[in-house]
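In: okay, predicted coordinates and the sequence, questions at the end:
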Amino acid sequence: MNPETLPNEPIKLTPKDFVSGQDVRWCPGCGDYSILSQMQKALADVGLPREKFVFVSGIGCAARFPYYMNTYGFHTIHGRAPAIATGLKCANPDLSVWVITGDGDGLSIGGNHLIHCIRRNLDLNILLFNNKIYGLTKGQYSPTSEFGKKTKSSPDGSIEHPINPLCIAIAAEATFVARSIDVYTQHLVETIKRAAAHKGTSFVEIYQNCIVFNDKAFGDVTDRAVRDDRILVLEHGKPMRFGKNKEFGIRLKGLQPEVVKVDEVGEKALLVHNEQDPEPNLAYLLTQMQNPDFPVPIGVFRFVERPTYDGMLNQKVTELIQQQGEGNLEEVLRGPATWTVK
Amino acid sequence: MNPETLPNEPIKLTPKDFVSGQDVRWCPGCGDYSILSQMQKALADVGLPREKFVFVSGIGCAARFPYYMNTYGFHTIHGRAPAIATGLKCANPDLSVWVITGDGDGLSIGGNHLIHCIRRNLDLNILLFNNKIYGLTKGQYSPTSEFGKKTKSSPDGSIEHPINPLCIAIAAEATFVARSIDVYTQHLVETIKRAAAHKGTSFVEIYQNCIVFNDKAFGDVTDRAVRDDRILVLEHGKPMRFGKNKEFGIRLKGLQPEVVKVDEVGEKALLVHNEQDPEPNLAYLLTQMQNPDFPVPIGVFRFVERPTYDGMLNQKVTELIQQQGEGNLEEVLRGPATWTVK
Amino acid sequence: MVRGAPRGTQGSTNEEDSDPHARAVSKKTRQGIDRIVVRFAGDSGDGMQLAGMQFTDTTALVGNDLSTFPSFPAEIRAPAGTLPGVSGFQIHFSDEDIKTPGDEPNVLVVMNPAALRVNLSDLPEGGVIIANRDTFTENNLDKAGYKENPLTDGSLSKYRVISLPISTLNAEAVKDIPELTRAQADRCKNFFALGIMFWLYDRPLDYTLQWIREKFSKMPSVAQANEKALKGGYTFAIATEQLPVQYHVNPAPIEPGLYRNITGNEAVAVGLIAAAKLTGKTVFYGSYPITPASDILHELSRYKNFHVKTFQAEDEIAAVSAAIGASFAGQLGVTGTSGPGFALKAEAINLAVMTELPLIVMDIQRGGPSTGLPTKTEQADLLQAFAGRNSESPVAIVAAATPGDCFYMILEAVRIAITYMTPVVFLSDGYLASGSEPWKIPKVSELPKFHIVHWTASEGFYPYLRDPKTLARPWVIPGTPGLEHRIGGLEKSDVTGNVSYDPLNHQKMTELRAKKIAGIAETIPDLEIFGKEEGELLVVGWGSTYGAIYAAVDRVQKKGRSVSAIHLRYLNPFPRNLGEVLRRFKKILVPEGNLGQLLLLLRGKYLVEATGLHKVQGRPFQIREIEQKIEEMLRWR
Amino acid sequence: MVRGAPRGTQGSTNEEDSDPHARAVSKKTRQGIDRIVVRFAGDSGDGMQLAGMQFTDTTALVGNDLSTFPSFPAEIRAPAGTLPGVSGFQIHFSDEDIKTPGDEPNVLVVMNPAALRVNLSDLPEGGVIIANRDTFTENNLDKAGYKENPLTDGSLSKYRVISLPISTLNAEAVKDIPELTRAQADRCKNFFALGIMFWLYDRPLDYTLQWIREKFSKMPSVAQANEKALKGGYTFAIATEQLPVQYHVNPAPIEPGLYRNITGNEAVAVGLIAAAKLTGKTVFYGSYPITPASDILHELSRYKNFHVKTFQAEDEIAAVSAAIGASFAGQLGVTGTSGPGFALKAEAINLAVMTELPLIVMDIQRGGPSTGLPTKTEQADLLQAFAGRNSESPVAIVAAATPGDCFYMILEAVRIAITYMTPVVFLSDGYLASGSEPWKIPKVSELPKFHIVHWTASEGFYPYLRDPKTLARPWVIPGTPGLEHRIGGLEKSDVTGNVSYDPLNHQKMTELRAKKIAGIAETIPDLEIFGKEEGELLVVGWGSTYGAIYAAVDRVQKKGRSVSAIHLRYLNPFPRNLGEVLRRFKKILVPEGNLGQLLLLLRGKYLVEATGLHKVQGRPFQIREIEQKIEEMLRWR
Ligand SMILES: Cc1ncc(C[n+]2csc(CCOP(=O)(O)OP(=O)(O)O)c2C)c(N)n1
Ligand SMILES: Cc1ncc(C[n+]2csc(CCOP(=O)(O)OP(=O)(O)O)c2C)c(N)n1
Ligand code: SF4
Ligand code: SF4
Ligand SMILES: [Mg+2]
Ligand SMILES: [Mg+2]
């Protein structure tokens, strides 16, 4: 969203304002419910009126999301939401556009649109609900499912090496990359707000539990008992520490991060998070940190500025009009050469 | 190719054996000619008979390649060659499969298939001829064209941030990643041979000059006058040095590479190339080195082992047959429950 | 508690429409009936599909003819107790040959209020409702949108309601089993209900008891619980006064042989596994999950020792592309999907048209356009199959008539693909895919043999040489020495297969491709006419309308009227005698699950004044709907 | 050196077929003729398109009617001098109304042996060849596959060959210009040849001289060289004995007005720019480059100050998807492609069908199937447009008849899309796209006005309310307060637009979507019949066949035979009076650039016994081909 288009008077909305009348039809216990609530909370604070929001989704359980938001919404076709959102945003740059996608929708059939949308840096927000499974089609492995996973379509174990969504986003030259978790409600609300504030494509991976077809896919990270030791909450400018008492830290050894005890190495030795690093190297390294060798980083990995596609497109329109005036249709009709028949 | 399937007697072929009778129809001076010759040289040394090679391509100037190779060939449709090659290799694992694609074919319409082929690690070779332009359709910008590029479809300059093919390949979990240049003939031959030898998806970006629509797109790197200073030839286990007299080197400063004078810092201080590093971090960093801040690395960035998709698929077939025997059709026809009507 | 008091029959003179329960008058009598339609309905979590399938298997074993049709909740998974969460399973069984799962249920078993609400409109007046009244709580009634309890407010007075406390009875039946959680106990109630139905229709318990033991062999307490529930239901039914009559359906006069029950998707999978065996080839199945085709992928992924390789692709385009790659490699490339995915495959199918490679494309049609009604059936992709690709793009099209027919038509698709070196579209639909019927198991020795000859001689080889009879080009396996050649999507020169932009060559090749497909008709059996060879009215069907059409035509024929039927399993090309058959009848009716697609092709090709009957409601035709249209047309002047 | 000596006419009685040059007998006379077809041909590097276009502009300025058709080398770029590298440009000009670029050239200008070899088969006996003999070197002859020099070996004796040393003469003409490289000098030879042609057909040089000065204003030596070359050719022609006759074609009686020359692709672009102005909307053009549609993208990318935004997408699916997004945003979403790309867009078009959003999909058809003949024309995507999507998916279809008509039919597509909230497929083809004709420039004030009303009131709003007349649903711009709502690809409930799986609702909506499209016919003009209102034979055309059909019908009418023609610019729905018109004729002929696609629709819909004439050769119909078929059919009993 252009800050210029923000209305002058601050708009006061509550999460309830964003609840549509539609019955929510996810399975009881699905992680999508929490994401929906956090979204409604976050948007209430963004300061835009409801009608300025548009939710665009593909197909999947996650993609049902727009129906439940009392905003404009477009439940499109499988994998194409980033492309549809691109046209929407270019044609109507005043809108705050949110793409809701799943690991299948966004990384399997829709992987290419996702990448190209990110590299063009459209000013929109993409939330990828990663449940490591195809939920809506009842449980086939997805591009993020772990190697060897047994599912309906891989009864003897998948032979596909999974893809790392954030790493793909970084490779696609993303300007905003973050991760959060369905059950980390406060963190999720903050992450969504950060995404909303970023001008450019904000890409957020959200770990989401599919209770029916892939329950506890993130249990080894999100279980209350272990989560403090398995999750690294990234904070800009702060040394990377984790553990119940923040007793562990991340240090760099050559090009390889390593887990250290803070009291053994001292806080100074730790890597300090810099989401604004113009080089994507640190953000890339962070995407490589995976359980069980490392805690899983959540928060904002990368947050840099780059002109947006829609911004530049509209600027070119404005500039050309300034230079040449509003187009003269008669001239175009006449073309390069005419003659008169009498 | 499975080394096991190599014939016992070494096969002696010459580059000429790989020349098909078809008239080559690229523009005079096109970089594709050189790549074709180097391929013919390289394959003569691979040690496989001609009939074992299959070239699969999409659409584009580059994609004409199969017609000129006296092997099996399939000139398919735009962007889908990696997917077609996947089925081909799974169905006939004895073949040496080569995918020839362009920056439009492979990264625009075909980006998703490319990524998924790479992450599955099919045992095949993908050569992407990057000329930073759509050649066959006569000169529109491509996903690798530089920002601001003026082309037929971007008369006032492209507003798209380009994509980095090797970086995308690394993010897609590639096991073999390399770069070479059409005019670096010997280097190109060697790179192709390395790709052929790798078991898994070998991804090679080849800088290729489109003399008609994007002449000298790589001139700032490949010009004889400057190339020694602008190109870093990667060699496994060797410190990274470049320059006419190898007087420059690459050193790591935190997570950021920097160019140094070797006699100022000493060779010991330089980064040593390790294409076999199990972690992709170094390879990733190398993909980020771009002109003019850095010399452009060529050679093999990454070369690691991981089971191949086709290998595992066939292994599962073999294993199941070992365990359960060849399937009994009668049993399948009967299904879980039968009854007899008299 | 029986709200809907027994009533007389509804005045229907037609056997199949009438409600046999209405004839029950005295206490605990045993009564023979000829046919019955039962629908089990409940929440997705209530195990209705399982109950239905067990009932089906046992019904098959006692020798009735039968036909089933499950209806799943829409693609989303709804919260328990809500309307979208309702799942149903309908079975029609009889002592005669039957062809459809029945126009409407005679008996509706509902496990909760939502199931009642969703299904009630299908129940004719006087129909029987067997309800688990324990679930008719305020909360559940609310979720189903009922203000009052329909079991008690008199609103069901047009039906005969048998309201039973199934949850309570079930809990009682399993109460003594150690280590059984309450949730596990409650989950047995489908077996309790099944036990009741087994008694009501006089079916033995052994098959299901055996199944329970095998299925839960590792969870003995669950096995015991389900067993007790089943038996509990059965004994309850014997005892209760609410079920005064036990019904008995005699075995049907079915062709002798070994039978199994089979759904359309199962038959497709079995057909492809058979094809791998019969051709000696690897079947390479490239697919991307989509309802209602996904089960074929699931099924095939378990048969690697039959040389069936499945590839779950990143999308439908990759799926068909990989299949084409496999065919180029000399194996059997197959891809399967539903409407939206079929649309995505169009461009790649054309590559196989141009390169003349064998390819099987299976489209399990569903409601559309766009995402449409993903879990519902429709027959509206025929024209897409026929012409949904750029330029002149002839492909063969076959369509299965019944679930079991999917097996044979898949083998036909394979035969045509490899004999003629062409893509073949195989059409099924959501109704066939999950509907089931008893299927006579063929002997392997009676199955067609496939003799595939790959060209190996380097003399005289050209990639686009043609077999003079079939016009097929040679199929060469890459790896064959001396035959190295290149093919692709650009127009080919006749014989040599080189790229050619020559004008007359293009005309020639375009016509050759069309002629090759037209020539397939030579190997297609002539249509057999059901009924008189000529007359007043011919009903023409294709695909899953077979059952409803033939049943309807049969009924009207039995009334002595002049109506016949033919059924098209080959849609491109048509059987050779089609035109001639059409012309032997004064009127032609074409019932289809679309707005008239076969109709357009028949009229356009044969210039016959055919009339359509179009149903696009996400569900199959009822026999009655076709019957009425037939009667109406017979009245026309 | 003139091998082909002057000969008499070839016995043709038909004016347009005859060779006017054959009438040249005496020396340096000036002779009036009514029409002529010239083809310029040379290597891609020889500047033949430029020469052709300059000749065209001047020909327009002198007031002849004209029609042009360039033919480019196939998509690959071939080495200089080879057969695939040949580029051609044909112009037909006349003192009367003409409709096609001519069946065949009367004069063939060839700049190298390859150009001769590629084009010779199109030249009728007695035709004139003007050849640059300097290029007939051993090397070039070899590349063209000539063993002997055809200019000297007698093989061209059936033609009249004017063999000129154009390269030498040109080099001579420009030799004194300072700073001119040899390559630059040689590159002027197209202007030398053009100069010759200007004299031969009595055209003034000023327009081209002016053009040269402007074009090369920054390269004075190049400007001077081209000028000298042009004048040099002209003077040479005056002097040489090889050109004894100068021909003069009088101005044609053309409707008065301001004219320009326009190609189909230009007219499309101008039409879309006009649409942006006339609707006050942004035109959002999402496209992925593909021959022969790319030029529309190139053209539109230069008009940002008309609120035309172009988006070069990553593929065709993204292109159409983005256009749909733009339409959802309340702007004009447009996408353009050719056959293979059109196939890829099918699934997304259906999203616009279901969500009832305006969308323009332009398919510039080319030879297929698959990659086919990418640079050649064909008309074989009609059925794909009609039914190439899953399920019942009605869209409007329009097709332009001539290059200039593309402008009007694009405006019609826009009108239909926004009035009816529907996707509209606009069909053009390679022939229209790059062919050109003089186009009378419309006054802006005479162009249609578009009044778009977006729903803004929150009372009474439902997303699937319908305008009672058009059945269109409201178009709401996201951002409008109080109208927040959600749409999507699942079936919609009537009026509310909520997701609905209700069976009867699906039937209703399916029929509503069909009815809405059928209702467009209310706003489509009735067909005008060319010729008598009823009679023996009606020729029915669509798309680019217009010119050839009307010219052929005109010829036969002039022979006094009963033949009429109609031309369909609306393919779905058809004009209201089509059925009735068809029935007024005994026989119906449908010439199409496919194997009978409109034919199938006409027969299927109207049950008329129409006959097809099918040409799939990558090039348009010749007038003669249609004329012969008409004559043949008129002989039929
Ligand atoms: C073209 C097309 N292909 C396939 C499908 C079937 N389909 C619907 S959703 C889905 C995958 C959903 O997985 P994901 O994106 O991870 O979402 P989730 O349900 O897990 O939230 C598939 C394969 C479809 N609707 N359209
Ligand atoms: C489905 C489809 N869309 C578009 C095209 C047109 N097309 C052919 S090649 C090409 C791009 C080629 O660019 P690249 O891959 O970089 O190859 P190059 O010609 O530069 O070698 C395009 C857009 C096509 N053939 N098919
Ligand atoms: S299937 Fe999984 S992802 Fe989908 S609604 Fe249910 S729990 Fe959520
Ligand atoms: S257009 Fe460019 S890439 Fe294509 S053949 Fe010519 S020089 Fe090579
Ligand atoms: Mg998922
Ligand atoms: Mg390129």
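Out: Thanks, I have it. Just so we're clear, the structure is a prediction, and the values are computed from it rather than from any experiment. Ligands and ions are numbered 1, 2, ... in the order given.
In: doesn't residue C:383 belong to a strand?
Out: No - the assignment for residue C:383, made by DSSP: H, G, I helix; E, B strand; the rest coil, is helix rather than a strand.
In: burial count for the closest residue to ligand 4 within chain C?
Out: Chain C approaches ligand 4 most closely through residue C:499 (15.3 Å), counting by Cβ to the nearest ligand atom. For the C-beta atoms, the positions are set from N, CA and C on the backbone; glycine is no exception. For residue C:499, the neighbour count with other Cβ atoms under 10 Å in any protein chain shown is 23.
In: got it, and residue C:319?
Out: 31.
In: quick one: pLDDT of residue 14?
Out: Using chain A. Turning to residue A:14, the model gives it a pLDDT of 96.
In: my bad, the chain I had in mind was chain C
Out: Residue C:14 is given a pLDDT of 35.
In: returning to that earlier point: look up how far ligand 2 lies from the residue of chain C closest to ligand 4.
Out: 14 Å (Cβ to the nearest ligand atom, to the nearest Å).
In: surely that residue meets residue B:67?
Out: Yes - counting by Cβ atoms under 8 Å, residue C:499 touches residue B:67, with 7.4 Å between them.
In: anything in contact with each of the two?
Out: Contact criterion Cβ atoms under 8 Å, 6 or more residues apart in numbering or on different chains; residues shared by residue C:499 and residue B:67: residue C:488.
In: how about the backbone phi and psi for residue C:549?
Out: Phi and psi for residue C:549, reported as degrees, to the nearest 10, are phi -70, psi -50.
In: anything in the helix or strand harbouring residue A:297 sitting right up against chain B?
Out: Using DSSP states H and E, residue A:297 falls within strand A:296-303. No - Strand A:296-303 stays clear of chain B (Cβ under 8 Å from any Cβ of the partner chain), getting no nearer than 13.1 Å.
In: neighbouring contacts of that strand?
Out: Residues contacting strand A:296-303 (Cβ under 8 Å, 6+ apart): A:166, A:170, A:174-181, A:184, A:187, A:191, A:194, A:198, A:221, A:230-236, A:240, A:275-277, A:280, A:283, A:286-287, A:289-290.
In: go on, stretch C:179-190?
Out: Contacts of stretch C:179-190 (Cβ under 8 Å, 6+ apart): C:42, C:45-48, C:50-51, C:111, C:132, C:166-167, C:170-171, C:173-175, C:177, C:221-222, C:225-226, C:228-229.
In: where do the helices sit along chain A?
Out: For chain A, applying DSSP state H gives helices covering A:31-44, A:81-91, A:103-104, A:111-120, A:165-171, A:185-197, A:219-222, A:227-230, A:262-265, A:281-287, A:309-324, A:329-334.
In: quickly check: the fourth one near ligand 2 or not.
Out: Going back to what we said before, that points to helix A:111-120. No - figure legend: helix A:111-120 not in contact with ligand 2 (Cβ under 6 Å from any ligand atom); closest approach 13.3 Å.
In: phi, psi of the residue in the stretch 151-300 of chain A that chain D sits nearest to?
Out: In the stretch 151-300 of chain A, the residue that lies nearest chain D is residue A:172 (11.4 Å; Cβ to the nearest Cβ). Backbone torsions for residue A:172, taken as degrees, to the nearest 10, come to phi -90, psi 20.
In: isn't it up against residue A:115?
Out: Yes - counting by Cβ under 8 Å, residue A:172 does reach residue A:115; the two are 4.2 Å apart.
In: okay, and the common contacts of these two?
Out: With Cβ under 8 Å, 6+ apart as the test, residue A:172 and residue A:115 both reach B:163, B:168.
In: and residue A:34, how many neighbours does it have?
Out: 18.
In: check contacts around it.
Out: The neighbourhood of residue A:34, defined by Cβ under 8 Å, 6+ apart, consists of A:182-183, A:185, A:188.
In: my guess is residue A:239 contacts residue A:267, does it?
Out: Yes - if you go by Cβ under 8 Å, residue A:239 and residue A:267 touch, sitting 5.3 Å apart.
In: so for residue C:26, what's the pLDDT?
Out: 44.
In: mind showing which ranges of the stretch 51-200 of chain C have poor pLDDT?
Out: Scanning the stretch 51-200 of chain C for pLDDT under 70 picks out the ranges C:74-77.
In: one step back: pick the one among the contacts of residue A:34 closest to residue C:336.
Out: Distance ranking of these against residue C:336, using Cβ to Cβ, places residue A:182 first at 33.5 Å.
In: now the closest one: closest residue in space, sequence neighbours ignored.
Out: In this structure, residue A:182 finds its nearest non-sequential neighbour in residue A:31, 3.6 Å apart by Cβ to Cβ, 6 or more residues apart in numbering or on different chains.
In: OK, contacts around the one you found?
Out: Residue A:31 neighbours (Cβ under 8 Å, 6+ apart): A:129, A:131, A:182-183, A:207-211.
In: got TSV for these, with pLDDT and neighbour count too?
Out: Shown next, in TSV, are the contacts of residue A:31 (pLDDT from 0 to 100; neighbours: other Cβ atoms under 10 Å in any protein chain shown):
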residue	pLDDT	neighbour count
A:129	98	29
A:131	98	31
A:182	97	24
A:183	96	17
A:207	98	22
A:208	98	30
A:209	98	23
A:210	97	29
A:211	95	18
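In: I appreciate the help and will end here.
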